[in-house]
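*Asks:* Build me a model:
(4 chains)
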Protein chains: 2
Amino acid sequence: MRIGELARRAGVSVRSLRYYEEQGLLESERSSSGQRHYPEAAVDRVILLQRLYAGGLSSRTIGEVLPCVDRPSADTSEAAFEMMVGERDRLSAHIEDLLRTRDMLDDLIATNRRHNATLEAGSTG
Amino acid sequence: MRIGELARRAGVSVRSLRYYEEQGLLESERSSSGQRHYPEAAVDRVILLQRLYAGGLSSRTIGEVLPCVDRPSADTSEAAFEMMVGERDRLSAHIEDLLRTRDMLDDLIATNRRHNATLEAGSTG
DNA sequence: CTTGCCTCTGACGTCAGTGTCAGGTTCTAG
DNA sequence: CTAGAACCTGACACTGACGTCAGAGGCAAG
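*Replies:* Reported below is the predicted structural model:
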């Protein structure tokens, strides 16, 4: 398929797909006229990339862990595997941090609800 | 206290504190010479700001929800309260997304471990 | 007064993924 | 052949919370 269809099916912009390729994260075959063509599997590939981006991994980092995705084997650079584990841990820590922030927001919300309820009860109407 | 001490105690840079003030998120009294002075409470204030930033709220958004923090009452703009609830929900969605990403990473890690174990078992040494 | 650290304002630099425009080529439908 | 959609490369714009530098003034200690 061509880049437009891939973009639609993966839910990203054409611009992003070109960027991913530029970063070495996504391959494409070129037709004689220079247009990019992708196999079906590219859709899942892009979705995978999106998910890694969503996890806060940078293009560089994604590039370094991709070997573990493409060729999960012992000869896959151990550094890539360590990197992946490190990113998982970083992500876990980040999630913990976000949970704390959410708890704080919940507290604030509860406090505000109480104040509202109190005042409404006091001045009925 | 002056800005340097506040920065140290809150664990942020002096630059950040000036930025927060510029964004209307942090007040300071000025000495006759123009230097900023802060009360003890400023430490917690800054930590609160950091936590909201950590939750992905922008300076603008933080500024809009702060009334709920400073004056939790029914006359606090209802918009501010709605904003806060909206941010909590956004944060929840974000956390869910990160959890999915972490699950994916865990799967990848498990897959790689299996491959490594298999190969090591095959070629003992 | 001097040394040295702290603070001031102002302004430009950074990062990173993506939007967007420009100018040109290619493909598809009629 | 032609109109128009899709594609190409290249490059600048943007966002946002800072880093960092410049040039100048403030303040405690000797």
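
*Asks:* secondary structure element for the nearest residue to A:Val69 once chain neighbours are set aside?
*Replies:* Leaving out its chain neighbours, the residue that sits closest to A:Val69 by C-beta to C-beta, 6 or more residues apart in numbering or on different chains is B:Leu108, at 6.2 Å. Every C-beta, even on glycine, is put in place using the N, C-alpha and C of the backbone. Of the helices and strands defined by DSSP states H and E, B:Leu108 is found in helix B:78-122.

*Asks:* re the thing from before, the residue nearest to A:Val69: how many residues sit nearby?
*Replies:* Residues lying near B:Leu108 (other C-beta atoms under 10 Å in any protein chain shown) number 20.

*Asks:* does A:Ile12 really touch A:Val46, like I thought?
*Replies:* If you look again at residue A:12, you'll see it is Val, not Ile. Yes: counting by C-beta atoms under 8 Å, A:Val12 does reach A:Val46; the two are 6.1 Å apart.

*Asks:* which of the two has more neighbours?
*Replies:* Each of A:Val12 and A:Val46 has its neighbours counted (other C-beta under 10 Å); A:Val46 has more, 22 against 18.

*Asks:* Pretty sure the more buried one sits against A:Val14.
*Replies:* No: counting by C-beta under 8 Å, A:Val46 sits too far from A:Val14 to count as a contact (11.4 Å).

*Asks:* Could I get the buried residue list for whatever helix or strand A:Leu48 lives in?
*Replies:* Per DSSP H and E, A:Leu48 falls inside helix A:41-54. In terms of neighbour count (16 or more other C-beta atoms under 10 Å in any protein chain shown), helix A:41-54 has its buried residues at A:Ala42, A:Val43, A:Arg45, A:Val46, A:Leu48, A:Leu49, A:Gln50, A:Arg51, A:Leu52, A:Tyr53.

*Asks:* Show me what that helix is packed against.
*Replies:* Packing partners of helix A:41-54 (3 or more C-beta pairs under 8 Å, 6 or more residues apart in numbering or on different chains; DSSP states H and E): helix A:3-10, helix A:14-22, helix A:59-70, helix B:78-122.

*Asks:* What does the pLDDT read for A:Ala80?
*Replies:* Note on A:Ala80: pLDDT of 89.

*Asks:* if we can go back for a sec, give me the distance between the residue nearest to A:Val69 and DNA strand C.
*Replies:* Distance, B:Leu108 to DNA strand C, using C-beta to the nearest atom of the strand, to the nearest Å: 18 Å.

*Asks:* what's the burial count for A:Glu64?
*Replies:* Using other C-beta under 10 Å, A:Glu64 has 18 other residues around it.

*Asks:* For it, which non-adjacent residue is closest in space?
*Replies:* Distances taken as C-beta to C-beta, 6+ apart place A:Met83 nearest to A:Glu64, at 5.2 Å, with adjacent residues excluded.

*Asks:* Which residues are in contact with the one you found?
*Replies:* Neighbouring residues of A:Met83 by C-beta atoms under 8 Å, 6 or more residues apart in numbering or on different chains: A:Thr61, A:Glu64, A:Val65.

*Asks:* check contacts around the residue nearest in space to the middle of chain A.
*Replies:* Nearest residue to the geometric centre of chain A (C-alpha atoms, centre = their mean): A:Ala54, 1.9 Å. For A:Ala54, the contact set (C-beta under 8 Å, 6+ apart) comprises B:Asp97, B:Leu98, B:Thr101.

*Asks:* And for the last one, nearest residue in space, chain neighbours not counted?
*Replies:* Distances taken as C-beta to C-beta, 6+ apart put A:Gly55 closest to B:Thr101, at 3.7 Å, once the chain neighbours are dropped.

*Asks:* doesn't B:Asp103 make contact with that neighbour?
*Replies:* No: judged on C-beta under 8 Å, A:Gly55 makes no contact with B:Asp103 at a distance of 10.4 Å.
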